[in-house]
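Peer 1: task: produce atomic coordinates for the following.
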Amino acid sequence: MSVEPAWLLNDAERQAYALDSRQFMDARQATLPNGVRVVDVYNASGLTYTLLPDRGLDVWAAHYNGTPLTWIAPGSPTRQTGARTG
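Peer 2: Numbering: from 1, shown residues only. I've put the predicted structure just below:
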């Protein structure tokens with residue numbers, strides 16, 4: 001039985017192959033016009049999700065390569081244009 005190699009990079013290897021760590025993962029915080037704080041997180045594999053820090057770090061929305069993974073409840077906050085980042 002053969003073992004598949006693990007393709008993990010340590011910090012030194014990652015710095016040798018990447019100009020910026022945001023190529024692998026990044027998180028950005030914003031405040032919607034209605035006052036709800038959101039944290040948008042994405043990674044290089046295509047997984048993106050939005051967390052609501054003021055609601056127990058609830059997962060508001062999640063997508064994998066554009067395919068929705070979450071059900072949006074009728075009472076959940078709606079994303080509006082004009083969010084303030086910070």
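
Peer 1: those strands in this protein, which residues are they?
Peer 2: 25-31, 37-43, 47-52, 58-64, 67-68, 84-85 (DSSP state E).

Peer 1: taking the mean pLDDT, what do you get for the first one?
Peer 2: Same thing as strand 25-31. Mean per-residue pLDDT for strand 25-31: 89.

Peer 1: cool, the fourth one as well?
Peer 2: Averaging pLDDT along strand 58-64 gives 89.

Peer 1: using CSV, list the CA coordinates for that strand.
Peer 2: Extracted as CSV, the C-alpha positions of strand 58-64 are listed here (Å, rounded to 0.1, in the frame of the first residue of the first chain):
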residue,chain,number,x,y,z
ASP,A,58,-22.0,32.6,12.9
VAL,A,59,-21.2,31.5,9.3
TRP,A,60,-23.5,33.7,7.2
ALA,A,61,-22.5,32.4,3.8
ALA,A,62,-20.1,29.9,2.4
HIS,A,63,-19.1,29.0,-1.2
TYR,A,64,-16.8,26.6,-2.8
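
Peer 1: now that strand and strand 47-52, what's the angle there?
Peer 2: Angle, strand 58-64 to strand 47-52, by axes from the mean of the first three to the mean of the last three Cα atoms, to 10 degrees: 170 degrees.

Peer 1: buried set for strand 58-64?
Peer 2: 60-61 (16 or more other Cβ atoms under 10 Å). Backbone N, C-alpha and C define where each C-beta goes, glycine included.

Peer 1: for it, name the packing helices and strands.
Peer 2: Applying 3 or more Cβ pairs under 8 Å, 6 or more residues apart in numbering; DSSP states H and E, one finds that strand 58-64 contacts strand 47-52.

Peer 1: before we move on, back to that, what would the strands of the chain look like in JSON lines with distance to A12?
Peer 2: Converted to JSON lines, those look like this (distance: least, Cβ to Cβ, whole Å):
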{"stretch": "strand 25-31", "distance to A12": "18"}
{"stretch": "strand 37-43", "distance to A12": "20"}
{"stretch": "strand 47-52", "distance to A12": "25"}
{"stretch": "strand 58-64", "distance to A12": "30"}
{"stretch": "strand 67-68", "distance to A12": "34"}
{"stretch": "strand 84-85", "distance to A12": "32"}
